[in-house]
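>>> Give me the fold of what follows.
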Amino acid sequence: MVFFFRKKVVSNEKKIPDSLKADYDEIMKLFKRCDVNDDGKLSWEEVKAGFRRLQSRFPAYRAHRAFQMADENGDGYINESELDKLVKYALECYEGNVKLILI
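Numbering: from 1, shown residues only. So this is what the prediction gives:
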């Protein structure tokens with residue numbers, strides 16, 4: 001039996017290579033634009049919409065995994081301080097393909 005809803009995944013802190021800085025900035029802007037109600041935090045639906053814009057085949061799964069990685073306080077929202085981890089997760093998923101996807 002496969003369990004999709006596991007405990008929080010622990011990620012290693014990684015520095016972003018210089019070659020991916022532009023992609024990091026683009027994804028950061030994309031997720032900030034997804035905050036449609038301008039409350040300064042991203043809900044699950046807003047994160048899912050961001051992965052849709054990144055043309056994910058499974059945006060709901062990506063959003064779920066993103067919350068496991070980034071939502072440190074478990075409040076169900078990605079706030080400004082947690083946004084960095086969300087963007088790093090998205091970079092891992094789409095490394096090298098962000099420019100092609102966002103065109």
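>>> While we're on the residue most central in space within the chain, how confident is the model there?
Among the residues of the chain, the one closest to the centroid is residue 86, at 3.5 Å (CA atoms, centre = their mean). Here, the pLDDT recorded for residue 86 equals 95.
>>> In contact with it: list those residues for me.
31, 42, 47, 66, 69-70, 78 (CB atoms under 8 Å, 6 or more residues apart in numbering). Just so you know, the C-beta spots here come from the backbone N, C-alpha and C atoms, and that holds for glycine as well.
>>> same question, residue 80
Taking CB under 8 Å, 6+ apart, one finds 40-41 in contact with residue 80.
>>> Distance check, it against residue 55.
In this structure, residue 80 and residue 55 are 25 Å apart, going by CB to CB, to the nearest Å.
>>> what's the burial count for residue 92?
12 (other CB atoms under 10 Å).
>>> Next one, pLDDT for it please.
Each residue has a pLDDT score; the one for residue 92 is 88.
>>> remind me which residues of the protein are low pLDDT?
Applying pLDDT under 70 to the chain picks out residues 1-14, 16-19, 96-103.
>>> now with 80?
1-20, 94-103 (pLDDT under 80).
>>> Need the CA coordinates for stretch 44-54. PDB is fine.
Taking C-alpha atoms only, stretch 44-54 is exported to PDB below (Å, rounded to 0.1, in the frame of the first residue of the first chain):
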ATOM      1  CA  TRP A  44      -2.900  25.400  -1.000                       C
ATOM      2  CA  GLU A  45      -5.100  26.500  -3.900                       C
ATOM      3  CA  GLU A  46      -2.800  29.400  -4.700                       C
ATOM      4  CA  VAL A  47       0.300  27.100  -4.600                       C
ATOM      5  CA  LYS A  48      -1.600  24.600  -6.800                       C
ATOM      6  CA  ALA A  49      -2.300  27.500  -9.300                       C
ATOM      7  CA  GLY A  50       1.400  28.300  -9.300                       C
ATOM      8  CA  PHE A  51       2.300  24.800 -10.300                       C
ATOM      9  CA  ARG A  52      -0.400  24.900 -12.900                       C
ATOM     10  CA  ARG A  53       1.300  28.000 -14.400                       C
ATOM     11  CA  LEU A  54       4.600  25.900 -14.400                       C
END
